[in-house]
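Q: can't give you the sequence, but here's the structure:
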Ligand SMILES: *Cc1c(COP(=O)(O)O)cnc(C)c1O
């Protein structure tokens, strides 16, 4: 407690990101980073940028990047918003579109940043329990609300909601903004972006952190009706004119344009995920179906917290959430094939 703080600061419970250890020889499978480097074209573009223009402010509108995203997804640039990681895009979204009289709805098991933004912006929310199998039931969202948000695939479960179900939620809620957080959609799901022309209340958020291997660059974006984007621009321009620096803009444009590299690395991650799912099942784990770059798994005979600790002793870190309903699960990021092998060998020894 500090008497100089604004009152709201005393009430905040900040988000706790997954550990970023100093030790470099770890098999780091705890924060869903991509095991492969970014597109070489992105690295070249950033090197060229560094040589040229850092003296000057970047484009406050990041117009080149909006156009690259628009071209990739077949929408207009006016339907695209960009921000400093999708976390910032989400934050602006909570303030610009999801703060209403009625409570915001999101799943009880979902991205743990959502309740944090609600705390920061004073947004009332209601948790909607997932089904027993950790899937979202669209019928549960037929209640009065001031907005709806969920990740798809969901985090940390990895479970995918089909577009028919997303349409059902949109059809049931024409007066609310529905935000679909697609941080992991490129690892096996169908994006809801093609639906934005049918639904003026749909906002889809994506990030370059996972499928484009650029977590360190901090670039995220939203696609939706131009009027939803306008609300986000108003908040952004009341907060920070230059959320994306010159490296971020030039690197992100090149990464978006390098479709072959993107497709190849996504396919590698998916192939490794399927292999790992098979191996973990053989080791006795229950593995939830995943459309993401991680697996959510439980061992019927072993405590998850203890398994995570034993892996850590062997320099392998995975994520354990000490949270109701999922305290016996581990979330394991898909690494390289070699990292996967090390993980399986370690688990084999621990379980023996
Ligand atoms: C990783 C993640 C984000 C944040 O991504 P950044 O663009 O790195 O901020 C947002 N939503 C979900 C569900 C995520 O898992």
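A: All right, it came through fine. What you are looking at is a predicted structure, and each value in this text was computed from that prediction instead of being measured.
Q: CA only for contacts and neighbour counts going forward, please
A: Fine.
Q: can you pull the contacts of the residue most central in space within the chain?
A: In the chain, the centroid-proximal residue (CA atoms, centre = their mean) is residue 183; its distance is 3.2 Å. Applying CA atoms under 8 Å, 6 or more residues apart in numbering to residue 183 gives the contacts 151, 152, 153, 205, 206, 207, 209, 210.
Q: The third one - nearest residue in space that isn't next to it in sequence?
A: The one in question is residue 153. Closest residue to residue 153 apart from its sequence neighbours, by CA to CA, 6 or more residues apart in numbering: residue 160 at 4.3 Å.
Q: so what's the one you found up against?
A: Contacts for residue 160 (CA under 8 Å, 6+ apart) come out as 135, 152, 153, 154, 189, 290, 291.
Q: Pull out the buried members of the residues you listed.
A: Listed as buried from these are 135, 152, 153, 154, 189, 290, 291; burial here means 16 or more other CA atoms under 10 Å.
Q: Name the nearest of these relative to the ligand.
A: The ligand has its nearest neighbour among the buried ones among the contacts of residue 160 in residue 154, at 6.8 Å by CA to the nearest ligand atom.
Q: In contact with that closest one, which residues?
A: Contact analysis of residue 154 by CA under 8 Å, 6+ apart lists 110, 111, 160.
Q: Run through these and flag the ones next to the ligand.
A: Filtering the contacts of residue 154 for proximity to the ligand by CA under 6 Å from any ligand atom leaves residue 111.
Q: any chance of the contacts of residue 154 in TSV, with secondary structure and pLDDT too?
A: TSV is the format used below for the contacts of residue 154 (DSSP: H, G, I helix; E, B strand; the rest coil; pLDDT from 0 to 100):
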residue	secondary structure	pLDDT
110	coil	97
111	coil	96
160	coil	98
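Q: Quickly name whichever of the contacts of residue 154 is closest to the ligand.
A: Distances from the ligand to those, taken by CA to the nearest ligand atom, are shortest for residue 111, at 5.1 Å.
Q: Can you check the pLDDT for the closest residue to that closest one other than its chain neighbours?
A: Spatial nearest neighbour of residue 111, excluding adjacent residues (CA to CA, 6+ apart): residue 155 at 5.7 Å. pLDDT for residue 155: 96.
Q: ok, now the one 3 residues further on?
A: Reading off the confidence values, residue 158 has pLDDT 98.
Q: ok, now how distant is it from residue 334?
A: The spacing between residue 158 and residue 334, counted by CA to CA, to the nearest Å, is 12 Å.
Q: Report the set of residues contacting both of these two.
A: Residues touching both residue 158 and residue 334 (CA under 8 Å, 6+ apart): 294, 295.
Q: between those two, which one's more packed in?
A: More neighbours surround residue 334 than the other of residue 158 and residue 334, with 28 against 25 (other CA atoms under 10 Å).
Q: Check whether stretch 73-88 comes near the ligand.
A: Yes - for stretch 73-88, a contact with the ligand is found by CA under 6 Å from any ligand atom, at 85, 86, 87.
Q: out of the contacts of residue 183, which touch the ligand?
A: With the criterion set as CA under 6 Å from any ligand atom, the members of these near the ligand are 151, 207, 209.
Q: now the contacts of residue 160 in JSON lines, with secondary structure?
A: Formatted as JSON lines, those follow (DSSP: H, G, I helix; E, B strand; the rest coil):
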{"residue": "135", "secondary structure": "coil"}
{"residue": "152", "secondary structure": "coil"}
{"residue": "153", "secondary structure": "coil"}
{"residue": "154", "secondary structure": "coil"}
{"residue": "189", "secondary structure": "coil"}
{"residue": "290", "secondary structure": "coil"}
{"residue": "291", "secondary structure": "coil"}
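Q: sorry, back to before: dump the residues of stretch 73-88 next to the ligand to a markdown table, plus neighbour count and pLDDT.
A: Below are the residues of stretch 73-88 next to the ligand laid out as a markdown table (neighbours: other CA atoms under 10 Å; pLDDT from 0 to 100):
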| residue | neighbour count | pLDDT |
| --- | --- | --- |
| 85 | 23 | 98 |
| 86 | 23 | 98 |
| 87 | 20 | 98 |
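Q: With secondary structure added, can I get these in TSV?
A: As requested, the residues of stretch 73-88 next to the ligand are exported to TSV (three-state DSSP):
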residue	secondary structure
85	helix
86	helix
87	helix
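Q: show me what contacts the residue of the stretch 251-352 of the chain found nearest the ligand?
A: Closest to the ligand within the stretch 251-352 of the chain is residue 292: 9.5 Å, counting by CA to the nearest ligand atom. Residue 292 makes contact with 153, 158, 159, 184, 185, 186, 187, 188 under the criterion CA under 8 Å, 6+ apart.
Q: Tell me the secondary structure of it, please.
A: Once three-state DSSP is applied, residue 292 turns out coil.
Q: Report the separation between the residue nearest to the centre of the chain and residue 285.
A: Residue 183 sits 25 Å away from residue 285 when distances are taken as CA to CA.
Q: same thing with residue 165?
A: Distance, residue 165 to residue 285, by CA to CA: 29 Å.
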